[in-house]
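Undergrad: Sequence and predicted model, in that order:
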Amino acid sequence: MKSIPAESKILYDAALVKKGAPLPAHFYYRKWLKYYLDFCLKYHHEKSKKESLPHFLQKLKDKNQTEEQRKQAFHAVSIFYELKNVDHDKIGALKNKKEIISSKKEDSKSTQADWRPVYNDLNAEIRLRHYSPKTLKSYRGWVRQFQNFTKSKDPRLLSTPDVKDFLTDLAVERHVAASTQNQAFNALLFFYRHILKNEFGDLKEVPRAKRKPYIPVVLSREEIEAIIFHLSSPYDLIVKLLYGCGLRLSEGMNLRINCFNFDTLILTVHDGKGKKDRTVPIPETIVPELKTHLQSVIDLHQEDLKTGYAGTFLPDSLEKKYKNAAKELVWQWFFPAKTLTLIPETKEYKRYHLHDTHVQKAIKRGVGRAKIPKRASAHTFRHSFASHLLQANYDIRTIQELLGHSDVRTTMIYTHTIKSQTIKDAKSPLDF
């Protein structure tokens, strides 16, 4: 097939943008032009004369191309005809080269802008809304990618087509997962609304990555016991809480001593996903282990106080409001880190909770040693919690509350993880 000369391609792509051809369709427009050039060469038609176009369209019809395809081909070749001052045999006179170079110079004036104020505003807006540090890290990452994609274009000149091009590139060129594209969409939506103070615009034409149906991995009781057997303290207790209470890993790591009420056997999960609180029952079988672990945390806290440490990390501005709260026992992490953390600004030592990655690595080793033939992670124990409750005939609304889901449709995914118990031969209530 005859290829489009490089200089011609630059001019043609510019014409496509000027004529408002949808960005996802540019590939097909170039394809139709290649077909047309090949057709003219093969059947000795003048590619620069519009009289050749009807013959080309008839050929497409003979090849059983749809009417919609023929319309797109007609539009593609018509744009090619409208390129002015171009030698269609060599396509790319010196005059056009100068215009391209001049255009590039003008475009460069709007790029390489300073984006540091943008990131400062983003940090301020995220903290103002008390979003998690992970959300800030994610949003900063997507804004950074968007900045690179637009070649550091002046933020004041950004528009909806810039977002369309970026999201299209993610879906079409980079083939990202649907969840990844949605995350990018939400990050840029926040960026436009709260940082740039602009309307996001209509993005209906942007191709979206297709979301694949996902069925969670679920472990059996025997497999969970086998993994716990290969875990050392405190990781075995952490897994028992993840499975026994249906906790997310971040929720388990953020537990403090004041979250446990052993009198009523209630565990309060503070600031879960979406900054929501909820309560879940404490498994009675692990209460002795929890109390033993609690005593070790108390002993560690007493040793920290003797060394004169500055206390633990507190949420939001609680430390400023209550000066001594950081050293109080009730605010200490239930799973404290093994070492103290130095705060460079104040030269003080504080204690953080056990890091997520330590737990994840321990679980991965435990799964390997137990020879479990499943792709299990820390979140798998939460999936198993929900599936086993459903298998035990707990109603879906109760499970929704225990998991902290805002929408029951999220909880409904677990109906696919257990064997169907539907009676196929349905009966009328009158026959019961």
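TA: Everything's here; your move.

Undergrad: ok, the closest residue to residue 13 other than its chain neighbours - how many residues close by?
TA: Closest residue to residue 13 apart from its sequence neighbours, by CB to CB, 6 or more residues apart in numbering: residue 26 at 6.8 Å. Where you see a C-beta, it was placed from the backbone N, CA and C, and this is true even at glycine. Neighbour count for residue 26, taken as other CB atoms under 10 Å: 16.

Undergrad: Helix or strand for residue 26, just tell me which one.
TA: Assigned by DSSP states H and E, residue 26 falls within helix 26-43.

Undergrad: That helix - contacts with which helices or strands?
TA: For helix 26-43, the contact count by 3 or more CB pairs under 8 Å, 6 or more residues apart in numbering; DSSP states H and E identifies helix 6-18, helix 52-62, helix 67-81 as packing neighbours.

Undergrad: The second one versus helix 26-43: what angle between them?
TA: This means helix 52-62. 100 degrees (axes from the mean of the first three to the mean of the last three CA atoms, to 10 degrees).

Undergrad: How about helix 52-62, which residues are buried there?
TA: 52-53, 56-57, 59-60 (16 or more other CB atoms under 10 Å).

Undergrad: Could you check the angle that helix makes with helix 67-81?
TA: On the basis of the same axes, to 10 degrees, helix 52-62 is oriented at 160 degrees to helix 67-81.

Undergrad: so for the helix or strand residue 388 falls within, what's the average pLDDT?
TA: Following DSSP H and E, one finds residue 388 within helix 378-391. Regarding helix 378-391, the rounded mean pLDDT is 95.

Undergrad: Only the buried residues of that helix, if you could.
TA: 378-390.

Undergrad: sorry, back to before: any chance of JSON lines for the helices and strands packed on helix 26-43, columns distance to residue 135?
TA: Formatted as JSON lines, the helices and strands packed on helix 26-43 follow (distance: least, CB to CB, whole Å):
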{"stretch": "helix 6-18", "distance to residue 135": "34"}
{"stretch": "helix 52-62", "distance to residue 135": "50"}
{"stretch": "helix 67-81", "distance to residue 135": "41"}
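
Undergrad: how about these, which one is nearest residue 361?
TA: Counting by CB to CB, residue 361 lies closest to helix 6-18 out of those; the figure is 48.2 Å.

Undergrad: helices or strands up against that closest one?
TA: Judged by 3+ CB pairs under 8 Å, 6+ apart, helix 6-18 is in contact with helix 26-43, helix 67-81, helix 94-109.

Undergrad: mind running it again at 7 Å?
TA: For helix 6-18, the elements it packs on are helix 26-43, helix 67-81, judged by 3 or more CB pairs under 7 Å, 6 or more residues apart in numbering; DSSP states H and E.

Undergrad: Generate TSV for these, with distance to residue 301 and mean pLDDT as supplementary columns.
TA: Converted to TSV, those look like this (distance: least, CB to CB, whole Å; pLDDT from 0 to 100):
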stretch	distance to residue 301	mean pLDDT
helix 26-43	63	84
helix 67-81	71	86
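
Undergrad: Any idea which of these gets closest to residue 310?
TA: Closest approach to residue 310 among the helices and strands packed on helix 6-18 is made by helix 26-43 (58.4 Å; CB to CB).

Undergrad: Buried residues, that closest one. List them.
TA: Under the neighbour-count criterion of 16+ other CB under 10 Å, helix 26-43 has 26, 29-30, 32-33, 35-37, 39-40 buried.

Undergrad: Tell me what angle that helix forms with helix 6-18.
TA: Counting by the same axes, to 10 degrees, helix 26-43 lies at 130 degrees to helix 6-18.

Undergrad: can you list contacts of helix 26-43?
TA: With CB atoms under 7 Å, 6 or more residues apart in numbering as the test, helix 26-43 has contacts from 1-4, 12-13, 16, 21, 45-47, 52, 56, 59, 72-73, 76-77, 80.
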